[in-house]
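Visitor: Turn this into a structure:
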Amino acid sequence: MCVLGKRLLKDVAVANCTKDEGGVLWNYFCASGECDPYFKAENVTLVRGIKGLKSGVFFDNLFPSFLQEGQYIAYGMDPEHIEPMDRPSYNQVYADLTTAFTILIGIFFPSVTGIMAGSNRSGDLADAQKSIPIGTIGAILTTSTVYLSCVLLFAGTVDNLLLRDKFGQSIGGKLVVANMAWPNQWVILIGSFLSTLGAGLQSLTGAPRLLQAIAKDGIIPFLEPFAVSSKRGEPTRALILTLLICQCGILLGNVDLLAPLLSMFFLMCYGFVNLACALQTLLRTPNWRPRFKYYHWCLSLFGLTLCISIMFMTSWYFALIAMGMAVLIYKYIEYRGAEKEWGDGIRGIALSAARYSLLRLEEGPPHTKNWRPQILMLAKLNDDFTPKYRKLFSFVSQLKAGKGLAVVVSLIHGDFTRRAGEAAAAKQALRKVMDDEKVKGFCDVLVASNIADGLSHAVQTIGLGGMKPNTVIIGWPYGWRQSEDDRTWHVFLQTVRHVSAARMALLVPKGINFFPAVGDKIAGNIDIWWIVHDGGLLMLLPFLLKQHRSWKNCKMRIFTVAQMEDNSIQIKKDLKMFLYHLRIEAEVEVVEMMDSDISAYTYERTLMMEQRNQMLRKLRLNKREKENVVDNMVEFTQPTANGEDRTPLVQAIVDHHHHNDNNTKTASKVRFADPSENKENGEEEPDRDEKNETESEKDKDTKEATDQADKEADNTEKLANNVAASPAKDKKAGGDTSKGSDDVKSAFKPDEGNVRRMHTAVKLNEVIVNKSHDAQLVILNLPGPPKETYLERESNYMEFLEVLTEGLERVLMVRGGGREVITIYS
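Guide: From the prediction side, this is the model:
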């Protein structure tokens, strides 16, 4: 080799390796009339490129000599010898790319990627699980020995400059290994050619078949056309695609530019294999039973760490590109394909993480800061097992800002052994509607012989550990008035009682068909009528709704009710301060309600309600019960004469959630009469047998109500006219209401408690309609249901709710679970 100073020169004959004037080198470095300063300062020498093992060149090659692109190949790393100094390179050899240890690993790594060759041919092996470990380990040890021996022998034989001469320019473009071959250089040249050709043919043979196998498995849907084979069984289409990809790599000209990217994919492949093995072991998957005795999950983790480290050490941007492509392919497979029941490590991680999290979650009530609506929606089904009220799903989806769990449950009446197929079909219908309405959660369908009991079991048992639902959504029984069967509201009221007993919140949307769909957008007001403090649920629900785009343009207005003697200004001020601490923006208004005389309309509605109850009682009670039936209506405690302990009249229809079990009557509660109180008032308690007979009669179907419909309407109209002719001036409902005969008056005299409650419902409805007639949604407290399951009391309760919400398009009745869900500290 010809060396100028310490720099290596290109193809220079031995005879021309001089600085003689007019010589070859002189013409190179002094062509412009002035010689290159480095040429003038340094001498030219001839150096043997292949020095032999005894020369001691091994120690000269022991230290790294990495260069930047454009730097000269020279002995040492002195900038004077390796830097171009902005002068022409002439015929000096320089580095065509930046080199470093990691970069060279990326270039060299594709040559040692045959580790999985045995696994790729597992189908051709008689005993793959025995042959693959032995063969793979043996091949790795053999090739590693050969490769490392070559590295050490080249370092101990070849000069440092010649080793770094990438294209052999200093020796006429020849291969260094070929010059060392025995007996002739053609041994290496022919061998290299055949080896390269064989590797290429091997890739063209294996890659198309692998591509075809992936296409046949249906893992990636857009690869399905490549699953087709020719008449001879060859993957022709996959072969053509492989050829096109190979041709693109050849057209690059410099394989070194592509080698680091190829290394990334190989490293990712090996890394994911290691990750899969480690996960299967750590997750203790039952079907993971490795045959190899000397395996340990630490080795897999070490291999994964090594692969990722080499990826980023070699080229961090290529590593990010490769990982991004892998993530895109995985998400695509997850979204469009992957129907094979192979399982995946991510699902195993998810299952283990879910189990770990559930075990760590407390089963008790969460802290107020962590409270969020975990929703249990009870969906009613049509005869074809499709959800009856689709907008309920939209409403649940619009509450997704709470980031809670959503469970949808439906019930089918019957025997599970006979209706299991129908339950499965109904579950599929529920899942489809949930997907269409973008409800993230779970669904299930139960088969029960009794619908009320089935709903009770669902309320009690749905959920797991700390992930049990805390909020129940149930639809309003719209046809309860027209139905001749009390089950239409009996199931609803029983569910309300069970939800209250479970200390869960309850949401009852009324007018659900008028609620916006998921894609709709509405603007206006969301009015909250805050009558009873229920833990802040009335405040939290509209805030969550406003996070959804359907309700985003709505404003919150909060109304609270006071009487004339209350300090309305102070109430409004305190409520504004409370909202300020809650960080909720809303308008506040205090509505004052005056005690007024009971109107004729109130009497009319009360008489209509009681007459309907009488008709139902006649239809459903036997003769003995007709004679002994006791009219145990809701008892309202009158305020004291001196005005002490007087509370707003509007709370007469509201049952406070935090009920004390003592016998003290409070003016702020609505309580149902106890048997002992009935006895004190001169009323007799129905016999236990009579009560059981009454409850058993409720479950029977009857069709006699239609025969009494005309009579009921006629009597109601006459009584209403009589009442309207002379309204009461007294606040008691027991005074004379008409000048008719005493028999008619005593027969249809409305109950005092019913009149008072109807009066309260009518007055509150008038106030709500007056203030919120144009509101997009009205949210108010749901009064507690009667504790007794008597037909009349349940019917009266439903009638009170109808009167309370009359004239409102969208209503959401809310009953808290007795726990604080939002505070000024959360």
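Visitor: so A207 makes contact with T242?
Guide: Yes: counting by C-beta atoms under 8 Å, a contact exists between A207 and T242, whose distance comes to 4.9 Å. C-betas here are computed from N, CA, C, even on glycine.
Visitor: Between those two, which has more neighbouring residues?
Guide: Neighbours per residue (other C-beta atoms under 10 Å) separate A207 from T242, with T242 holding more: 21 against 18.
Visitor: what about the strands in the stretch 351-500 of the chain?
Guide: For the stretch 351-500 of the chain, the strands identified by DSSP state E, counting those that start in this stretch occupy 375-378, 406-413, 442-448, 471-474, in order along the chain.
Visitor: Nearest to S170 among those would be which one?
Guide: When those are ranked by distance to S170, counting by C-beta to C-beta, first place goes to strand 442-448 at 72.4 Å.
Visitor: Low-confidence regions, the stretch 101-250 of the chain specifically.
Guide: By pLDDT under 70, the weakly predicted segments of the stretch 101-250 of the chain are 120, 123.
Visitor: For it, just list every one of the helices.
Guide: Taking DSSP state H, counting those that start in this stretch as the criterion, the stretch 101-250 of the chain contains helices spanning 101-108, 117-120, 128-155, 160-163, 176-180, 186-217, 236-251.
Visitor: Can you dump the C-alpha atoms of whichever helix or strand comes after the last one in PDB for me?
Guide: By that I understand helix 236-251. As assigned by DSSP states H and E, the chain's next helix or strand after helix 236-251 is helix 259-282. Once side chains and other backbone atoms are set aside, the C-alpha atoms of helix 259-282 remain, and they are given as PDB (Å, rounded to 0.1, in the frame of the first residue of the first chain):
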ATOM      1  CA  ALA A 259     -29.100  -2.500   7.000                       C
ATOM      2  CA  PRO A 260     -29.800  -0.500  10.200                       C
ATOM      3  CA  LEU A 261     -33.600  -0.500   9.400                       C
ATOM      4  CA  LEU A 262     -33.500  -4.200   8.700                       C
ATOM      5  CA  SER A 263     -31.700  -4.700  12.000                       C
ATOM      6  CA  MET A 264     -34.600  -3.000  13.800                       C
ATOM      7  CA  PHE A 265     -37.200  -5.400  12.500                       C
ATOM      8  CA  PHE A 266     -35.100  -8.400  13.400                       C
ATOM      9  CA  LEU A 267     -34.400  -7.000  16.800                       C
ATOM     10  CA  MET A 268     -38.100  -6.300  17.300                       C
ATOM     11  CA  CYS A 269     -38.900  -9.800  16.300                       C
ATOM     12  CA  TYR A 270     -36.500 -11.300  18.800                       C
ATOM     13  CA  GLY A 271     -37.500  -8.900  21.400                       C
ATOM     14  CA  PHE A 272     -41.200  -9.700  21.100                       C
ATOM     15  CA  VAL A 273     -40.400 -13.400  21.200                       C
ATOM     16  CA  ASN A 274     -38.500 -12.800  24.500                       C
ATOM     17  CA  LEU A 275     -41.400 -10.700  25.800                       C
ATOM     18  CA  ALA A 276     -44.000 -13.300  25.000                       C
ATOM     19  CA  CYS A 277     -42.000 -16.000  26.800                       C
ATOM     20  CA  ALA A 278     -41.400 -13.800  29.900                       C
ATOM     21  CA  LEU A 279     -45.100 -12.800  30.000                       C
ATOM     22  CA  GLN A 280     -46.300 -16.300  29.700                       C
ATOM     23  CA  THR A 281     -44.100 -17.300  32.600                       C
ATOM     24  CA  LEU A 282     -44.900 -14.300  34.900                       C
END
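Visitor: so how far is whichever helix or strand comes after helix 259-282 from its chain's centroid?
Guide: Using DSSP H and E, the helix or strand that follows helix 259-282 in sequence is helix 297-314. Relative to the mean C-alpha coordinate of its chain, helix 297-314 is positioned 31 Å out (C-alpha atoms, centre = their mean, to the nearest Å).
Visitor: and helix 297-314, what's its mean pLDDT?
Guide: Helix 297-314 shows a mean pLDDT of 91 in the predicted model.
Visitor: quick one: whatever helix or strand comes next after it to helix 297-314, angle?
Guide: Proceeding N to C from helix 297-314, the next assigned helix or strand is helix 316-336, under DSSP H and E. Counting by axes from the mean of the first three to the mean of the last three C-alpha atoms, to 10 degrees, helix 316-336 lies at 120 degrees to helix 297-314.
Visitor: about what we covered before: just the helices of the stretch 101-250 of the chain: most buried one?
Guide: Greatest average neighbour count among those goes to helix 160-163 (a mean of 20), per mean count of other C-beta atoms under 10 Å.
Visitor: In CSV, list the strands of the stretch 351-500 of the chain along with mean pLDDT.
Guide: Shown next, in CSV, are those (pLDDT from 0 to 100):
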stretch, mean pLDDT
strand 375-378, 94
strand 406-413, 93
strand 442-448, 93
strand 471-474, 93
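Visitor: Please render the ones you listed as TSV that adds distance to E809 and mean neighbour count to the earlier fields.
Guide: Supplementary listing: these in TSV, determined by distance: least, C-beta to C-beta, whole Å; neighbours: other C-beta atoms under 10 Å:
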stretch	distance to E809	mean neighbour count
strand 375-378	22	25
strand 406-413	25	21
strand 442-448	29	19
strand 471-474	19	26
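Visitor: Dump the ones you listed to a markdown table, plus distance to G249.
Guide: Compiled in a markdown table, the strands of the stretch 351-500 of the chain are given as follows (distance: least, C-beta to C-beta, whole Å):
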| stretch | distance to G249 |
| --- | --- |
| strand 375-378 | 55 |
| strand 406-413 | 50 |
| strand 442-448 | 49 |
| strand 471-474 | 59 |
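Visitor: among these, which is nearest G56?
Guide: For G56, the closest of the strands of the stretch 351-500 of the chain is strand 442-448, at 75.0 Å, according to C-beta to C-beta.
Visitor: for the helices of the stretch 101-250 of the chain, which one sits closest to Y90?
Guide: Using C-beta to C-beta as the measure, helix 160-163 is the one of the helices of the stretch 101-250 of the chain that comes nearest Y90, at 16.5 Å.
Visitor: Contacts for the closest one, please.
Guide: Outside helix 160-163, the residues within contact range by C-beta atoms under 8 Å, 6 or more residues apart in numbering are 1, 3, 8, 47, 49-50, 57, 60-61, 65, 73-75, 154-155, 168, 170-171, 176.
Visitor: Can you pull the phi and psi angles for N525?
Guide: Dihedral pair for N525: phi -120, psi 140, per degrees, to the nearest 10.
Visitor: In stretch 799-809, which residues are buried?
Guide: With burial defined by 16 or more other C-beta atoms under 10 Å, the residues of stretch 799-809 counted as buried are 799-805, 808-809.
Visitor: Could you do stretch 297-315 as well?
Guide: If you call a residue buried by 16+ other C-beta under 10 Å, then stretch 297-315 has these buried ones: 300-301, 303-304, 307-308, 310-312, 314-315.
Visitor: Distance to N184 for these - can I get that in CSV?
Guide: Conversion of the buried residues of stretch 297-315 to CSV gives the following (distance: C-beta to C-beta, whole Å):
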residue, distance to N184
S300, 47
L301, 50
G303, 42
L304, 46
C307, 41
I308, 45
I310, 38
M311, 42
F312, 44
T314, 37
S315, 39
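Visitor: Among those, which one sits closest to S149?
Guide: In terms of C-beta to C-beta, no member of the buried residues of stretch 297-315 lies closer to S149 than I310, at 22.6 Å.
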